[in-house]
Structures are given as C-alpha cells and as structure tokens.
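In: From the sequence below, what's the structure:
(chains A, B and C)
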Amino acid sequence: MQIELRHIHKRFGPVHANNDIDVTFQGGRIIGVLGENGAGKSTLMKILAGYQPADSGDIIIDGRVADYRGPQAAIHYGIGMLQQDPLDVPAFTVLENFIFGSRMRHTEARARLREISQRFGFSLDPDMPVSQLSIAQRQQLEIVRLLALNVRALILDEPTTGISAEQKALLFDTLRSLARNDGMTVLLVSHKLEDVIALCDEVVVLRAGRLTGRGEMPLTTQELVRLMFGQSFAMQERPAAHLGDVILRLEGVHLRDKRLSIEHLNLAVRAGEVIGLAGLDGSGQGLAMRACVGLVKPVAGRVFVGNSDMTGKPYRAFLRRGVAFSAAGRLEEGLVAGLSLTEHVALANERDMLVNWDRARRQTASQLAAYNVRGRPDDLIEQLSGGNQQRLLMALMPEQPLVMVLEQPTRGLDVDSAAWIWRQLLARREGGTAIVFSSDDLDELVAYSDRILVFYAGQIFEIPDASATTIDQLGHLIGGEFEMATIGKRLT
Amino acid sequence: MTKQSTPMQVALTLLPIVASLVITSALIMLVGRDPIAVYERILEGAFRNTNALASVFNFWIPLTLASLGLVITFRAGLWNIGVEGQMMFGALFASWAAQYVVLPAPVLVSFEIVLAMIGGALWAALAGVLKTRLGVHEIFGGVALNSIASVITIYLISGPWQPPEGGSAQSTAPFPADSLLPSISPEFPVSLLALIITVVAIAGVFFALRGTRWGLELKATGRNPRSALLLGVPTESNVLSAMMACGALAGIAGAYRVLFTYASLRPLVSGNIGFLALLVVLLVSMRPLLAPLVTFMVAALFVGSTRLKVAMQLDQSLAGVLQGLIVLMVLLSNGLRERWRERRRFREPEAAAVSDYQPVTPVTTEATTYE
Amino acid sequence: MNEPFLLILGSIVSNATPLVIASIGETITERAGVVNLSLDGSIMLSAMAGFVAAYAAANGGSPTELSLLIGVLVAMAAGALVALIVAVGGIALRRDQVAVGFVLTLLTADLAQFLGQSYTRIPGPTVGQWVLPVLGDLPVVGPVLFRHNIFVYISFVLIFACWFWLFRTRSGLALRAVGERPEAAFARGVDVNRLRYVYTVLGGALVGLAGAAYSLGIKPGWATPPPMRGDGWIALAIVIFGGWHPFRVVLGAYLFAALRAVSTAIQRTPDIQISPVLLNLLPWILMIATLVAVSSGAIERLMRLLPGSFQRWTRNVLRSDPPAALGTRFDAG
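Out: Next comes the predicted model:
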C-alpha cells in the first residue's frame, strides 16, 4: 500500500508539532521514523492512524485522498497502529480483546486467532486474561487483531521497549514477513538505532516538527546520528569508581507484591558505586528499589543504612538518613500538580513548623538558576516541560545524599537532557554518593553502571563488572536466560 | 489566567444564583404559592427582630465551625461526609459531662468543650483509620459512622439517659444551668464564648493552612499523596490529623447544639448542619475566609424558612432545595466557564492553563500507603 | 420446611427488591466508568414522583393498572433525569462526579420532601401480589420466589438481563471496555462519552424503578421522613461488595435484607435482652465490615491460601477490583 502525506500541519497551542510534512511511504517496505523526543514523530503517526486529526493537509492512499476521523476509520482504510503501551483492555481475555471492535462471531474468532498466531509463531491462550500477559504478548495480540481486520499498513511506536531479545527477534521476523510476503507498509517509530539498522529498508527523520532527512539503508549508527542531530555525540567518559564503605545493605530480604515475589535478596551498596538494574517492565526492579528506600516493607529480612537497622521504617526516615528516591512517573510520583515550584522547594527543604515563604522563594530562585530550570518560583509544576520537571526533581533531592535510588531517571528525555542528568549524577557520585538506577535502555545501563543486576520474574542475576558485558548478552539475560551466562552469577 | 472584566465576573457569579432562584420560584408556584411572598417570609423569619437574628447566629456558629473543619479535610483531599456523626459525638461527650460532672460553671463548660473536641476527633479518627489502614473510602465509612452515631444517640436518649419521668425518646432531661453556655442577653440569646471560639477558629484555620508546614503538607497530600510521600510528607498521619482537626471543630459545633441551642440531647442533634457545611465548602472551595460569609447567608436562609411552616403551611425543606440548587448551579457554571475559557485559549495560545482545583477522589481507592 | 420460615424468606426476597434493582442500575453505570453517588436522594425523589403520579392518575379516573404504569414511568424518568445531570456535570462539564452526585443526593432528598408535602400518609394505588401460575405452586421455591408483586419478578429478569448484556453480548464488551480502558474502546470506534451518557441514564432509570418499587409496592405511599432513607447508601456499598458483578451484587442485597429480617425477628422475641434500638446498628456495621473485607485485601490474602487450580476460579468469582477508569474523564484525541 502506498501512503502519501501532503502538507500535514498540526499545532498544540504554541507548539508546531508537525510543520508541513510531505512524505511518501511505499508498500512492501519497512520504514524507520526517527527523531528526538518532541520531534513530532508520534504526532504524525497518530494523525496517520486516526487518533488525532491534522489541522490541515491530505493523506493519499493508493492515489486517492482518504478523509477519515478516528482509529476505527483509519483501520477501514487499511492503516493500523500498535501503540507503545498496547491499547487493549487488561480486564478482558485474549479472545474478548480480539473480538472487541470486529464483527466476528466467537467460533470464527477463535479459529482466526489460532490461524494468525500459528503463522507467526505467537503463543496466545485465548482464555487468558490480558492483565497476565507480558508486553510482548500484548503486542502480538494487537498485531494479530489488526491483521484480522485486514490492515495493509502497520505503524509500531517504540515496540522494542520492555521486551526481551528473543521476543524482539520474533517481532522482527513477523514484520519482515508482512512486508516481503504480504506487501504491507511497515512504519517503525524508534529511538533505538540498533533496531532501525537491523530492520529498516529506509529511514525518515523529523526534527522540531519538520521532516529534515531521509536515507536508504544500510546506514551506520554514526550516519544515522548525523541525520538526526547534524552531529555525532560521543558517550561520556566514565571515571573509575572509588568504592567506599557499604552504606546500604539488604540482608535476606523477601519481597512480595500482587504480581511477583523476590526471595532472599542480599545486596550491599558501597559509597561511590553505580548499580544498574536491568529487566523488562515489572520484573521486580521497582519492587527492589522501593524496598531499598522503605516504600515497600519486606516480608522477611532486614534493611540496613550504614549500621542502623531501618527495617520497617517509613520512607521519611530513610530520606533523613540520606537515602533518596525518585520514581519513573514524574507527575504521578514525585511532583504534585497544582503546587507551585516554591511550594515544592518548601516541602523538600523547610522543616520548621511555620513556613518562611520569603526564604523559600529566594531558595527556589537560586535552585532554579543552579539547575537550569526554565520557570518562575510561582509557576505551577505542570506548566514546566518534562525536561525542566526532571531537573527540578533533581534540585529537590538532597545535595549530597548517601544513596540515590532512581527509577528510569532519563525516561522520555531527549539526548541532551539525559546527558545533563548524568553529568549531575556523576558529579554527586564523585562526592561519594552511591547510585542505584533502573533503565529500559541497555546502552545506558552498560555505559554508566559499575555493576548490573538483571531482573527476570523476580529472579536476579548479577553482573559484577558491567564493562565486561555487551548489549547482546544483556538482551538475552533480561529474557530470563540465566543458566548459560558466564559473566556473572545468580543472586536469588 | 485571562482576567475577566469585573462586570463580567459579577454576572458570571450571579448567573447560577439567579438561575437557582428562578427554578425555586417555579417549584413554589408548582405547589400553588406565591414565590415573592415565600421569600418575604424567609427574610422576615431571619431578620424580623433581635431574637430571630440571634437564631441565625445560633445556626451560624455550628455551621461555620463544621465548614472550617471541612475546609481542612478538603485541603487534604478527603470527602469527610462523616462530619454529621462527628458533631453528634461531640454532642454526646459534652452531654455526658453536662449530666454527670459537677464542677464550677466556667470550669465545667470548658471541660465539656474540650471533651466534645475529643469526642468529635475520635469519631473522625475512626473514619481516618478505616481509610488509611483498611482501604474503606471515607464517604462510605462516613455514611455508616453517621448512622451509627445517630443510633447510639437515640439509644442513650431512650435508655440510659432517659428523663426520670419516663422516656418519650424525644430528648434527655434539660441539663443543669451550670453546665450550659451563658447567653449574651435575653433579647439576643447567643453565646459570647461560642462566638469568640468561632472567630478564633476562622483565624486559626486560615493561618494553619497558609503559614504552617502542616497546611502545606495537607495541600500536597490532597493533590497527590504518592508524590507527597516522596517529598518526605507523612501522608498517612496527615490524613488522620486533618480528620481529627475537622472532628474537633465539628465536636465543638455539636457541643453548642446541646449546651446552648437545645440545653438537652436530642435525636438528630446535628440537624443536617454537617451536610450543609459540605455544600458550603463545595461553594467556597478551600478559602476559609469566605466560609463565614457564605455560612451566614445559609444560616439566614435556613432559620428564615422555619417560618414557612407557621405562616404558609409550607415545608421548610424549601431552604434545602434552594441551597442545593445554588451549589449545583455554581458547580455546573464553573464547568461551563472553564470549557469556554479553554475554547478561547485555543485562539489565544499564550494564556496559560489554570483551572479551579477540585479534589478528585475515585470512590474506591486503595489505601494511601504502598502496602 | 415450616411455613413461617418460608414466609420470612419470601419477605426477605420482597424487601430486598428495591435494593436489588437500584444496585443493578448503579452496577451498570459504574461499569461504564461513571459514579452516580446521588442514589440516596434520587430513590426518594423517584419514589415520591412515582407515587404522586400514580395517585394523580388514579384520581383523574385512570384504571389502577394504567395509573401504576404511569407512576412507574414517571419514577424512572425522575431517576434518569438526576442521572443525566450527573452525566452532564461529570462528562460535558468535567466536574468531579462525586461532588455533583453528593449535591444531588441532598438536593433531591429535599426536593422529594418539598414537592411531596401534601401527599404524605394518604392511600394510593399499589401493586398487588401476583402468584405466578405453576411456579407459585411449587413447594418451597413457590412461596419464597414466586408469590410476589411484579417488581420482584422484574428484578429477577433484570439480574439475568444485566449479566447477559455485560458478559455475553458485543454491546456488553463495549460497555465494560468504556469503564476499564476508554482509550482502547475509542481505538475500536466506540463513542466513549456517548455510551457513558446512555448507561448513566439507563442506570438512573433503574434507580428510579427502585423508588417506584418502594412507593408503589414494598412500602406503599409517601411519608416524611421517607421510609427508604439510607437505603441508597447501602445500595452503593452493595455494588462495591458485589465486585461490580450482577450476581454477587444481588447476593449482597439479599444478605442485607436477610439481616434486617433477623433484627426484626429478634425485636419480636421477648426472651432476648437487646435494646431494639441497638439492632439498627447491624446493617451499618455489616456495611463497614464488608467494605473492609473487600478493600483491605483480606479476600486476596485468603485466596492465596487456596490451591492453584482453585485460585483461578475464585479470582473470577471474588474479583473485587473496580472498573479501572471509574470516576475518570475521557477526552478523545
């Protein structure tokens, strides 16, 4: 299927998210859509898939102007989109999700589901609730569902986030087969250049709302980076670690939440150490990090900060001892929508019963300057952009804590902002702060960690020397292949 | 926020009130009466003489105290529907002291009020613990605790505390004079002490919310307990302390009803004042300084409407209808205004988004802790 | 089984009927993601409206059946109208659904009292008992289930219709999806907010029907204070207790009615030395206890003790998660 986009414009208030986009996608090809965060690639894909209307411009499918509103109408025209977080209903079974939105009857649907799954080697139990599937399985379900609706163009938004190496291989095989054998148009939105190199036939690049580049594959990483940024970045040099005493210690800790449990975890974090936590979403990293800071109480075992037993103490007590935590969702867990920047700073720093607002405001102004936050003390937090919110969050943390426990500290940030965050973190680490962080980005894990813990369904594998591992090895480990790996040992 | 011109602002504020009056008038005509005459009776009932005005103040005092308490719980994001029960428990504790404790009058009265604060705070703490520890939403916990408090009140009146001449289940025997709040004068029967307490409470709540760390913590807890926790705020104990502060103020309100208004304990001693206070707080959002003005108007409306029964054989529930309509119309017109403003923002992209805050409380929440 | 015991069971079924209807209505509304908190008031308003309409129609010379039908329709319209206000406020005007619902609770209660003031304690048309042929003559189940007024039979039909609609139809999939994940429903071409309007109003109409079941059936007539005061709150709690599943919701309604019957029975037994007043505590204590059991995860913990194969089954039966998008707003695009 041939898709032409003609002069697409889309504004959100002052932001020109798509500025005169003009591009043609050919059938039978896999096209990578690249760009930094906020470059407008997701917006463009959502317009194409009917999730948002364009302000102006035309979509021409196989030579005819297609005028549609809504995702269902886009599917009618043969365009389906797989969102990063698959748009399914967790409370439904696989079969219910498959039927919902189609005209199929039960028996027919069951047969179609089996037939399409078998073709691509997916294993989907029709009666399993979707809430119990992995992200990869939910993606497979969405793909099967869209194929059953006869889509001829498939858009995938960051599909390799949170899935293992095998699942990624299976997904890529599926996409290749759809493009080569079925003549489908496949659009892959990704910021992972290795995925683009492995899969795509051509790439288009967006920057600040405009289409700024195109290229036929094969291209090297360097060439892709140059296409995206006009220059290439070098990874930051990591100074050698000066490890100090053990400052945070988990002893025989058992953890449990609704979905998984971690048994008998022993972990000692030393001053100045950077520990990266790898694993698919919800494999236990979040649970372990929250146990380190008192947000989750262990079922058994003890947690020590320095020499004092902090088991069962609330997060506030950990914070007072210099153990600080920041969660992945900034506005959900970390910042309070509706509070001003000054109020945030006052909450984090003013300890007296009466709040000295003058002092808080002065302190806010100096913190904003020091951390390069673009905003005024009286602005509400939700008025800041994501990068500014992240920098403020950093400003709210203690100056030189013992340990910083950070859940996906650079998620959703562009390359510049992420690099800034790491400069800050590494500077604090120079002063002896230990850093425990989790990330979806294997490059980031390998680049910054001294030690990596890989989580899989609550089991933990330790790589004592992160520099000895490769992204490929890590990819297999997060898929749960602990047995064959020789670069480390099981921790639980 | 785009500033609206003052006449526009006034018009937008008056619109829901006018709409409510129009609907109420239609309802009055529906039951075959003249709306103007009805409104005249209400005004007359509230302001015809100092005695009537005193009744308004006697309504204003507990209503304002309960409203101030609810401003605190709203700030913490809590729908403290149990404020009725908290008033009743304040009344129960004060009634116990009034009947069984013998002390010099000023000491006894102070003791009763402190006891009432404790009673209200305890009953509120129960709803708070149900929420924080057991995951029962404060609306349902509150409704159940209100009913339980009411049943206990009726039980005491018809059982252990029934008057010696035999229980009619209407009230206890009148409390001794020493246990009651003294009145300013026979022409203006209002308790000076209670007036002073109310004014102090207004200033206190205003200051506590604006100037203290506790007030700031409540605000953060109310808007996002998970984030607040990560900023070092003890959210669980904040929920409890906000509930108990509200309960204590409601307890004084309840004590005022038994130690002054009735001089005895009666069933339904709270007289729906807690629910009215919830409506008031929906109107004033979280501005404690606005509360006393609004409560005064509400008090005048409700006291004035008691005259309807006598003068026009009309049920006094009309006051509740008018009050409910006004709050509903204000809520809806705020929504209209916001939508309108938003549409304009699309044309003027520079204007930033600031909307009135409302606590968003899913009816079934997990406990605010991480467990 | 002896006759008086069956009579008690029958009266439980009959007394539970308004609770059953109202909580089924609220279940439908909440399944679509909207909370209609106004139940306690809107049941009163619709009970009053239904009674007054039926009374006026009968006085105007309509035959009893027609008057009753008019009464039922007016009651349902009243409930639907209140629900519509909740929907408009919560969806179109983006207010907090809890706030709008709460104001309406008080407003409709006062409105019922005001507009019904000249109709208190007067006799009007009521729905008579209708013994179902054949079924009514069955031993045991006959007197318990099939010798009632029509509201009871309607409630039976509603229970199964609600279950069938939710879990066995394509429309039911859309309804549940709108309450669980509106974005996913939107992606499949569902007009989320339109469906929410439809099911909120439908649920409200059933709440209105529950009001009619009181004033034209179980507690005939109108009075101040209204005899059904407080039942709306209990119905709301029953929906939570029932885990938003019609069968469990109904079980909850019968449980509450049974408890009331027990307390009435105790009051009539002179040997038992409990103040009859204190027995009124029971439904409220039970309400708190059930909510604690559901919300605190106690049920989940119990479930973990069961063997694995059994767990999957009990998880379906005892599932107590609310619809994931309950009380939230949805804006397309």
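In: After the strand or helix carrying B:Ile36, which helix or strand is next? Please name it.
Out: The secondary structure element spanning B:Ile36 is helix B:35-47 (assigned by DSSP states H and E). As assigned by DSSP H and E, the chain's next helix or strand after helix B:35-47 is helix B:50-75.
In: between the next helix-or-strand element following that next one and helix B:50-75, how big is the angle?
Out: Once the chain leaves helix B:50-75, the next helix or strand it forms, by DSSP H and E, is helix B:83-100. Going by axes from the mean of the first three to the mean of the last three C-alpha atoms, to 10 degrees, helix B:83-100 is angled at 120 degrees with respect to helix B:50-75.
In: List the buried residues in helix B:83-100.
Out: By neighbour count with 16 or more other C-beta atoms under 10 Å in any protein chain shown, helix B:83-100 contains the buried residues B:83-99. C-beta here means a position set from N, CA and C on the backbone, and glycine is covered the same way.
In: how near is the closest residue to B:Glu236 other than its chain neighbours to C:Ser14?
Out: Nearest residue to B:Glu236 in three dimensions, chain neighbours excluded: B:Thr132, at 4.8 Å (C-beta to C-beta, 6 or more residues apart in numbering or on different chains). Distance from B:Thr132 to C:Ser14, counting by C-beta to C-beta, to the nearest Å: 40 Å.
In: And for A:Asn97?
Out: Using C-beta to C-beta, which is the criterion applied here, A:Asn97 is 41 Å from C:Ser14.
In: With adjacent residues omitted, what lies nearest to the residue most central in space within chain B?
Out: Computing the C-alpha centroid of chain B and ranking residues by C-alpha atoms, centre = their mean puts B:Ala277 first, at 2.4 Å. Here the nearest residue to B:Ala277 in space, its sequence neighbours aside, is B:Ala66; by C-beta to C-beta, 6+ apart that works out to 3.7 Å.
In: Equivalent analysis for A:Arg214, please.
Out: Nearest residue to A:Arg214, sequence neighbours excluded (C-beta to C-beta, 6+ apart): A:Val204, at 5.1 Å.
In: quick one: low-confidence ranges for the chain?
Out: Because you didn't say which chain, this covers chain A. For chain A, the stretches flagged by pLDDT under 70 are A:14, A:37, A:229-241, A:484.
In: should've been chain C
Out: The model of chain C has pLDDT under 70 over residues C:1-2, C:272-274, C:297, C:299-300, C:303-304, C:307-320, C:332-333.
In: Where do the strands of it begin and end?
Out: Secondary structure of chain C (DSSP state E): strands at C:130-131, C:147-148.
In: Of those strands, which is nearest chain B?
Out: Distances from chain B to each of the strands of chain C were compared by C-beta to the nearest C-beta, and the smallest falls on strand C:147-148, at 28.2 Å.
In: picking that back up, state whether the residue nearest to B:Glu236 and B:Ser241 are indeed in contact, as I suppose.
Out: No. Using C-beta atoms under 8 Å, B:Thr132 and B:Ser241 do not qualify as a contacting pair, with a distance of 11.2 Å.
In: which residues do those two both contact?
Out: Taking C-beta atoms under 8 Å, 6 or more residues apart in numbering or on different chains as the criterion, B:Thr132 and B:Ser241 do not both touch any residue.
In: picking that back up, what's the most buried one of the strands of chain C?
Out: Mean neighbour count (mean count of other C-beta atoms under 10 Å in any protein chain shown) peaks for strand C:147-148 among these, with a mean of 22.
In: Check which helices and strands that one sits against.
Out: Packed against strand C:147-148 by the contact rule (3 or more C-beta pairs under 8 Å, 6 or more residues apart in numbering or on different chains; DSSP states H and E) you find helix C:3-31.
In: again, only using 10 Å
Out: Contact analysis of strand C:147-148 by 3 or more C-beta pairs under 10 Å, 6 or more residues apart in numbering or on different chains; DSSP states H and E lists helix C:3-31, strand C:130-131 as its packing neighbours.
In: could I get those as TSV with distance to chain B?
Out: Listed next are those as TSV, based on distance: least, C-beta to the nearest C-beta, whole Å:
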stretch	distance to chain B
helix C:3-31	8
strand C:130-131	34
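In: Pick the most buried one from those.
Out: Per residue and on average, the most neighbours among these fall to helix C:3-31, with a mean of 23 (mean count of other C-beta under 10 Å).
In: Run the chain-centre distance for that one.
Out: Using C-alpha atoms, centre = their mean, to the nearest Å, the distance from the centre of helix C:3-31 to the centre of the chain it belongs to is 8 Å.
In: now do stretch A:10-30
Out: Offset of stretch A:10-30 from its chain centre (C-alpha atoms, centre = their mean): 23 Å.
In: Mind listing what's buried along it?
Out: Burial within stretch A:10-30, assessed by neighbour count using 16+ other C-beta under 10 Å, is assigned to A:10-11, A:16-19, A:21, A:23, A:25, A:27-30.
In: In the stretch 51-200 of chain B, where is pLDDT below threshold?
Out: Along the stretch 51-200 of chain B, the parts satisfying pLDDT under 70 run over B:166-169.
In: Chain C contacts on that one?
Out: Taking C-beta under 10 Å from any C-beta of the partner chain as the contact definition, the stretch 51-200 of chain B meets chain C at B:79, B:81, B:126-127, B:130-131, B:133-137, B:139-160, B:169.
In: Weed out the non-buried ones from the residues you listed.
Out: B:79, B:81, B:126-127, B:130-131, B:133-137, B:139-158.
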